[in-house]
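1. Sequence and predicted model, in that order:
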Amino acid sequence: MKKLITLLLIGFSLQAFAQKDSLKYYNNLRINTTTHGLEVLGAWGIANTGISAIGWVNSTTPQSRYFYQMNTIWGGADFLTALLGYTGTKKLMNKNLSAAELLERQEKLVKVFKINSYFDIGYLGAGAYLTLAGNSRNSPIMKGYGESILLQGGFLLIFDSLMYKAEKGNSTKLRQFLEKHPITFDGRRVGIIFEM
């Protein structure tokens, strides 16, 4: 009987260690998805800042000057956001997380991109309002800023929606994995989940 219990414990331990490696896979999947997204955001920010700064300097109308000015500001903010997010995310690359910690981080990412999408819709609304108000008031600053905010909000809505979909997919895969592998190992304890 002792031999049977010992063999069962060894079998469970091996599966638990295999799950830990698999949890590492899902952690790296989350990090890779996030870092690739932040690379896209950073590239957009750099291109936006560079092109818009040139357009700002060479503007021939007040409306285009304000358009490029706002694009330059947004591009810088996008690049800074991407840089800070990228460096913070890369620090977590080889960190061993428990199943609960990994699921919590994954779910937070899904929420962040979902909330960002709502903000992006707000940006589009603000941009549309400024553009329409600028047209009716013949205000170059309102038209220029409004068109810029429409462009930036449109890009961010597409970006955040795609990131939400990707991270939601990662979350679903992680949940399916955890449902199929109820044995958990956090480096100190092995546990078995029994469904009643």
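-> Structure received. These numbers come from a predicted model, not from an experiment.

2. Tell me which stretches of the protein form strands.
-> Taking DSSP state E, the strands of the chain run over residues 184-185, 190-191.

3. and S161, what pLDDT?
-> Listed pLDDT for S161 reads 98.

4. Quick check, it in contact with S117.
-> Yes. With contact defined as Cβ atoms under 8 Å, S161 reaches S117; the gap is 5.6 Å. All C-beta atoms are positioned from the backbone trio N, CA, C, and that covers glycine.

5. The nearest residue to W44 once chain neighbours are set aside: neighbouring residues, count only.
-> Leaving aside its sequence neighbours, W44 sits nearest to D78 (Cβ to Cβ, 6 or more residues apart in numbering; 5.8 Å). Per other Cβ atoms under 10 Å, the neighbour tally for D78 reads 23.

6. correct me, but D78 touches L41?
-> Yes. Using Cβ under 8 Å, D78 is in contact with L41, at 5.6 Å.

7. Distance check, the residue nearest to W44 against M93.
-> Look at D78 and M93: by Cβ to Cβ, to the nearest Å, they are 23 Å apart.

8. ok, back up a step: between S161 and S117, which is the more surrounded one?
-> S117 (18 against 15).

9. if I look at G127, how far off is L150?
-> Note on G127: its distance to L150, by Cβ to Cβ, is 4 Å.

10. Looking at these two, which is more packed in?
-> Taking other Cβ under 10 Å, G127 and L150 do not tie; G127 has more neighbours (21 against 18).

11. Now do the contacts for that one.
-> 145-153 (Cβ atoms under 8 Å, 6 or more residues apart in numbering).

12. in this protein, which ranges drop under the pLDDT threshold?
-> Residue ranges of the chain with pLDDT under 70: 1-21, 183-196.

13. 90 - rerun?
-> Low-confidence segments of the chain (pLDDT under 90): 1-25, 88-100, 177-196.

14. Could you tell me how many residues sit around the closest residue to G37 other than its chain neighbours?
-> Counting by Cβ to Cβ, 6+ apart, G37 lies nearest to M163, which is 4.7 Å off, once chain neighbours are set aside. By other Cβ under 10 Å, 24 other residues sit near M163.

15. Ok, F79 next?
-> By other Cβ under 10 Å, the residues close to F79 number 19.

16. where's it relative to I51, distance?
-> F79 sits 13 Å away from I51, going by Cβ to Cβ.

17. the helices in the protein, which residues?
-> Secondary structure of the chain, counting by DSSP state H: helices at 2-57, 62-90, 99-137, 140-180.

18. What angle do helix 140-180 and the third one make with each other?
-> Read it as helix 99-137. Taking axes from the mean of the first three to the mean of the last three Cα atoms, to 10 degrees, one finds helix 99-137 and helix 140-180 inclined to each other by 160 degrees.
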